[in-house]
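> structure, please.
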Amino acid sequence: MSHIAAFLALLALVAWASPTVGVMLTAGLAARFIHTWRPIHLDRNIPLGADDHQTIYLLATTSWWSEAMPNIKKVDDWYYFTGIMEKDDSEESE
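Residues are numbered from 1 along each chain as shown. The predicted model follows:
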């Protein structure tokens, strides 16, 4: 996390020292971020790892932002996201 803070500090320093260059640099980075993380169209027929954006989105929305566990099955040499595992109520009561 410190490398992100250092990068943002460098960006702020450039924007402070030269506002024109800072604005252009910030706009360029924002455009690249938006272009890279374009809207994601989920397709459960695409295996995990074949589309990095979809894989990161599925992991973030299922296991990183909540305590749910993704249900993954292996078909041949590929892994597919099949849904979310439901928590067993007996585990919570122990």
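> in space, not sequence, find me the middle residue of this protein.
Closest residue to the average C-alpha location of the chain: I56 at 4.4 Å, with CA atoms, centre = their mean.
> contact partners for that residue?
The contact partners of I56, by CB atoms under 8 Å, 6 or more residues apart in numbering, come to none. Bear in mind the C-beta positions are built from the backbone N, C-alpha and C, glycine included.
> could you pull up the mean pLDDT of the host helix or strand of it?
Per DSSP states H and E: I56 is located in helix 52-59. Helix 52-59 shows a mean pLDDT of 81.
> with stretch 10-30 instead?
90.
> quick one: buried residues of it?
14-15, 22 (16 or more other CB atoms under 10 Å).
> so of those residues, which ones are in helices?
14-15, 22 (DSSP state H).
> what about the strands in the chain?
69-75, 78-85 (DSSP state E).
> can you tell me how far G83 is from L8?
Computed as CB to CB, to the nearest Å, the G83 to L8 distance reads 37 Å.
> same check on T62?
For T62, the distance to L8 - CB to CB - is 28 Å.
> and the two? which has more neighbours close in?
T62 (18 against 10; other CB atoms under 10 Å).
> ok, now which ones touch A12?
If you count contacts by CB under 8 Å, 6+ apart, A12 has them with G22.
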